[in-house]
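Participant: Got a predicted structure here, sequence first:
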Amino acid sequence: MYRAYYESELGLLEITANTKGITSVIFVEERKEENKNEIIKQCINELDKYFAGKRKEFTVPLAAEGTTFQKNVWDALYTIPYGVSASYLDIAEKVGNTKAVRAIGGANSRNPISIIVPCHRVIGKSGKLVGYAGGLWRKEWLLKHEGILK
């Protein structure tokens, strides 16, 4: 496994990858030993551009591990465009199971690739900000950064 850290405006991000793609981007408090590969270098470059407001889509390869259901949800999250929000029901419709809204929320909360797989763009049906593993203040910042919130 490869690992590196990225100092973002929201705090320290740990980026991990294997030889196929990024396996996680998570907020952490402390660093461990770094071991970068080309995929992580690409990820850092894309995050730089995202935080500078110059990138709206990520092209770095992804290799998250999870159940088939979780991967289907994360694939659906990945399709939410920059500057657009979606509800849990919207995601349930994308994965073809409108009765799985709670399970969608569970898979959303277990998304291991923050920011790039934009789980922060999922909001409550009423427009309320709900749940974000990195904390609601980070979710609010990201949504403002993307112009979803004023």
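Facilitator: Good, I have the coordinates. Numbering: from 1, shown residues only.
Participant: quick one: average pLDDT of the longest helix seen in the chain?
Facilitator: Longest helix of the chain, by residue count under DSSP state H: helix 38-51. For helix 38-51, mean pLDDT is 98.
Participant: Setting aside sequence neighbours, what's the nearest residue to the most centrally placed residue in the chain?
Facilitator: Centroid-nearest residue in the chain: residue 114, 2.7 Å away (criterion: C-alpha atoms, centre = their mean). Distances taken as C-beta to C-beta, 6 or more residues apart in numbering put residue 25 closest to residue 114, at 4.9 Å, once the chain neighbours are dropped. All C-beta spots, glycine's among them, are computed from the backbone N, C-alpha and C.
Participant: Confirm for me that the one you found is in contact with residue 13.
Facilitator: Yes: if you go by C-beta atoms under 8 Å, residue 25 and residue 13 touch, sitting 5.7 Å apart.
Participant: Identify the contacts common to these two.
Facilitator: 47, 114, 115 (C-beta atoms under 8 Å, 6 or more residues apart in numbering).
Participant: Next, format these as TSV and append distance to residue 62.
Facilitator: Below are these laid out as TSV (distance: C-beta to C-beta, whole Å):
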residue	distance to residue 62
47	14
114	12
115	12
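Participant: Could you pull up the contacting residues of the residue nearest to residue 81 when sequence neighbours are not counted?
Facilitator: What sits nearest to residue 81 in space, not counting adjacent residues and going by C-beta to C-beta, 6+ apart, is residue 56, at 7.7 Å. Contacts of residue 56 were listed using C-beta under 8 Å, 6+ apart, and they are 50, 81, 82, 83.
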